[in-house]
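Asks: Have a look; sequence and predicted model below, questions after that.
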Amino acid sequence: MASVRLEYCVECMFLGRALEVAKLLLERFPHKIRSLSLQPGTKGVFTVFLNEEPIFRIGPDGRLPEPEEIARRVAGQLQLPT
């Protein structure tokens, strides 16, 4: 079972994308995710942690991940079919 933590920038209004990612992960992997938490942050942060290891960090270009992109990364890390 995996734990997921989504840290998102409140100032940048990234909550919507964090919720989209959270919803997709919980729908796609209901029996593989033990916990999922949202952590408000600042200064442009958007980081997705799987078992406390970052699997996505927003880069200098400010590109937010697509929910499907995160789902593929989670599936890959958990060695699950996408």
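Replies: Okay, I see it. Numbering: from 1, shown residues only.
Asks: how about low-confidence regions in the chain?
Replies: Confidence mapping of the chain against pLDDT under 70 gives the ranges 82.
Asks: Burial check on residue 72, number of neighbours?
Replies: Using other CB atoms under 10 Å, residue 72 has 13 neighbouring residues. C-beta here means a position set from N, CA and C on the backbone, and glycine is covered the same way.
Asks: Whatever helix or strand it lives in: which residues count as buried?
Replies: Taking DSSP states H and E as the criterion, the element that holds residue 72 is helix 67-77. Neighbour-count burial for helix 67-77 flags 67, 70-71, 73-75 (criterion: 16 or more other CB atoms under 10 Å).
Asks: could you dump the residues you listed to JSON lines with distance to residue 41?
Replies: Output for the buried residues of helix 67-77, formatted as JSON lines (distance: CB to CB, whole Å):
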{"residue": "67", "distance to residue 41": "19"}
{"residue": "70", "distance to residue 41": "17"}
{"residue": "71", "distance to residue 41": "22"}
{"residue": "73", "distance to residue 41": "20"}
{"residue": "74", "distance to residue 41": "20"}
{"residue": "75", "distance to residue 41": "25"}
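Asks: Out of these, flag the one nearest to residue 3.
Replies: Checking the buried residues of helix 67-77 against residue 3 by CB to CB gives residue 74 as the nearest, at 11.2 Å.
Asks: Give me the contacts around the helix holding residue 72.
Replies: Helix 67-77 is contacted by residues 2, 4, 17, 20-21, 23-25, 28-29, 48, 50, 55-56, 80-82 when judged by CB atoms under 8 Å, 6 or more residues apart in numbering.
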